[in-house]
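Asks: The sequence isn't on hand, but the structure is:
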C-alpha cells in the first residue's frame, strides 16, 4: 500500500505529502483517556502498595477473606481496569512511535489490545469469583 | 523499527585540515565543518579549519563567512540577515541546534563542531532540505481566515489579545522565525516527521488558533485532532531547550492540547 505521507520518491508535491490522509479526529480521546487513567492510577496504586505491604505473612484464607470485602474487591477491580487501560494506551503510543513497517505495526497494535482485554477480563473474573464464592 | 545507525554511505569520515592562523596568532580556534557534496559520490567528512579569531567577528557565522571568503569557497551554508531574524543559518553548533549568527564563538569550549540540522536530508554541506517542514507549515494555512464581511479599516485587537500572540515579553508564538531548530531537535519529529507536524509548525498553528481576529479556530483544531499530527508530542522539551530565540514551543503545544480538551 502506498501511503500518502511516505517519502517514496514519487512525484507528489511536498504539500500532498504534508497533508497526508488528513486528521483522524480521534487524537484527543486517546490523550484524554490516558490522562484520566493516570489521575485514577495515583490513589489506586498508593492503596494497592499499602494493601500489599499489609499482606505480609497472610495465609491464603486471610487474603481471600480480605478480597471478599466489597470495598477491597471494588478498589481491586478499579485498579485492574485503570492500570490495564492506561498500559494499553501507553504501549500503543510506543508502537506507533517506533514501528514503521505498516503490517508489523498493525499486528502489534491488535495484539496489544487483545492481550490487555484478555488479561483484564481474567483479573476481574478472578476477583469476582473470590468475592462471591470465597 | 526506527533506524539507530547511519546507512553506509552516510558514515562521517575524517576530512582535510587547513591551518591558516599563522605562527604569531594569539587567538587560534579550530572549526570542524560537516562537508558533503552530492556530485562527488563520496561519504560525508569533517573538515577542520584553524583560524585566527582576531581576523573575524565574534559569532560562529562570522568565522564561517571568513572561512568561505579566505580559505575554502566551496563551503556551503545558508545565511542572510546575520542578526537572528531570518532563521537561515540554523545548524547544529557544539551539539545544539542554534543560529550560527547569534551563537558567540567564545561560548564554545575547544573546537567548534558544526553539522547540519539533524534528521533532515542534506542538500549539500550544511544546507538541509526543508521542503517537507515548510509544506507542513503551509498545510496549517498560516493566514487570517474570516467569514464576516471585511471591515472598512484595520481589524481591531485589544492589547491583551495581542499579548496572546506576541507575549508580554515579546516571546509569544508570533516571535517564531521558522528556523526549525526545535523541530529537528525533537525525537518524535525524528521518528515520525512524515506525520507529526513538529514543534515549529505547531507553534505557528497556535499563533493562528489564539488570534482573536481569526474566525476559523474550530477548523484549525479539527485539522490537528490526530494521534500523529499533534499528539506525537510527548513533552520531551528539547524544542524549548534549543530555541535560539528563547521561545517556548512546548507551551504552545500544551495550550493546543488544552483547547482540544476544553471543546470536548
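Replies: Received, thanks. Bear in mind that the values here come from a model prediction, so they are computed numbers and not experimental data. Residues are numbered from 1 along each chain as shown, chains lettered A, B, ... in the order given.
Asks: Get me the contact residues on the stretch 101-250 of chain B for chain A.
Replies: Within the stretch 101-250 of chain B, the positions near chain A by Cβ under 8 Å from any Cβ of the partner chain are B:131-132, B:134-136, B:138-139, B:188, B:191-192, B:194-195, B:222-232, B:234. Where C-beta positions appear, they are placed from N, C-alpha and C, glycine not excepted.
Asks: what about chain B, any weak spots by pLDDT?
Replies: Where chain B drops to pLDDT under 70, the residues are B:1-3.
Asks: what do you get if the cut-off is 80, keeping everything else the same?
Replies: Applying pLDDT under 80 to chain B picks out residues B:1-4.
Asks: what ranges do the strands span in the stretch 51-200 of chain B?
Replies: For the stretch 51-200 of chain B, the strands defined by DSSP state E, counting those that start in this stretch cover B:90-93, B:96-99, B:112-115, B:122-124, B:127-128.
Asks: Sheet partners, orientation included, of the second one?
Replies: Same thing as strand B:96-99. Strand B:96-99 sits in its sheet next to strand B:90-93 (antiparallel), going by DSSP bridges.
Asks: outside of the partner strand, which residues touch it?
Replies: For strand B:90-93, the external contacting residues (Cβ atoms under 8 Å, 6 or more residues apart in numbering or on different chains) are B:60, B:77, B:97-100, B:103, B:108, B:112-118, B:126, B:179-181, B:184, B:244.
Asks: circling back: which of the strands of the stretch 51-200 of chain B is buried the deepest?
Replies: strand B:90-93 (a mean of 26; mean count of other Cβ atoms under 10 Å in any protein chain shown).
Asks: starting at the chain centroid, how far to that strand?
Replies: Offset of strand B:90-93 from its chain centre (Cα atoms, centre = their mean, to the nearest Å): 8 Å.
Asks: How about stretch B:14-24?
Replies: On the basis of Cα atoms, centre = their mean, stretch B:14-24 sits 30 Å off its chain's mean C-alpha point.
Asks: Regarding the chain, what is its longest helix?
Replies: Let's take chain A. helix A:102-133 (DSSP state H).
Asks: try chain B instead
Replies: Identified as the longest helix of chain B according to DSSP H is helix B:249-262.
Asks: buried sites along that one?
Replies: B:249-253, B:255-257, B:259-260 (16 or more other Cβ atoms under 10 Å in any protein chain shown).
Asks: dump the residue contacts of the closest residue to residue B:66 other than its chain neighbours.
Replies: Among residues not flanking residue B:66 along the chain, residue B:56 sits closest, at 3.8 Å (Cβ to Cβ, 6 or more residues apart in numbering or on different chains). Residues near residue B:56 by Cβ under 8 Å, 6+ apart: B:62-63, B:65-66.
Asks: Run through the residues that contact the closest residue to residue B:230 other than its chain neighbours.
Replies: Nearest residue to residue B:230 in three dimensions, chain neighbours excluded: residue B:224, at 4.4 Å (Cβ to Cβ, 6+ apart). Residue B:224 makes contacts with A:23, A:27, B:197, B:202, B:205, B:230, B:256, B:260, as judged by Cβ under 8 Å, 6+ apart.
Asks: Looking at those, spot the one nearest residue B:145.
Replies: residue B:205 (12.4 Å; Cβ to Cβ).
Asks: give me the element that closest one is part of.
Replies: In the assignment (DSSP states H and E), residue B:205 maps to helix B:199-209.
Asks: Would you mind measuring from residue B:124 to chain A?
Replies: Per Cβ to the nearest Cβ, to the nearest Å, residue B:124 is found 19 Å from chain A.
Asks: what mean pLDDT does the helix or strand hosting residue A:92 have?
Replies: Taking DSSP H and E as the criterion, residue A:92 maps to helix A:70-98. When pLDDT is averaged over helix A:70-98, the result is 97.
Asks: Centre of the chain to it, how far?
Replies: 4 Å.
Asks: before we move on, what about stretch B:141-161?
Replies: The chain centre lies 29 Å from the centre of stretch B:141-161; the measure is Cα atoms, centre = their mean.
Asks: so after the helix or strand that contains residue A:53, what's the next helix or strand?
Replies: Using DSSP H and E, residue A:53 sits in helix A:27-54. Next helix or strand after helix A:27-54 toward the C-terminus (DSSP H and E): helix A:60-68.
Asks: Can you get me a residue count around residue 106?
Replies: Answering for chain A, as no chain was given. By other Cβ atoms under 10 Å in any protein chain shown, 12 other residues sit near residue A:106.
Asks: You answered for a different chain; I wanted chain B.
Replies: Neighbours around residue B:106, by other Cβ under 10 Å: 10.
Asks: Please apply the same query to residue A:8.
Replies: Considering only other Cβ under 10 Å, residue A:8 is surrounded by 10 other residues.
Asks: which parts of chain A sit against chain B?
Replies: For chain A, the residues found near chain B under the criterion Cβ under 8 Å from any Cβ are A:5-7, A:13-15, A:17-20, A:22-28, A:30-32, A:93, A:96-100.
Asks: Narrow those to those that are buried.
Replies: A:5-6, A:14, A:17-20, A:23, A:27-28, A:30-31, A:93, A:96-97, A:99.
Asks: which one is residue B:165 nearest to, not counting chain neighbours?
Replies: For residue B:165, the closest residue by Cβ to Cβ, 6+ apart turns out to be residue B:174, at 4.2 Å.
Asks: List the contacts of the one you found.
Replies: Residues in contact with residue B:174 (Cβ under 8 Å, 6+ apart) are B:165-167, B:207.
Asks: Please repeat the previous calculation with a cut-off of 7 Å.
Replies: Applying Cβ atoms under 7 Å, 6 or more residues apart in numbering or on different chains, we find residue B:174 in contact with B:165-166, B:207.
Asks: Surely residue B:30 is in contact with residue B:50?
Replies: Yes: the pair residue B:30 and residue B:50 passes the contact test of Cβ atoms under 7 Å, sitting 4.6 Å apart.
Asks: Phi first, then psi, for residue 14.
Replies: Unless you meant another one, I'm taking chain A. The phi and psi values for residue A:14, taken as degrees, to the nearest 10, are phi -60, psi -40.
Asks: My question was about chain B, not that one.
Replies: The phi/psi pair for residue B:14 (degrees, to the nearest 10) reads phi -70, psi 130.
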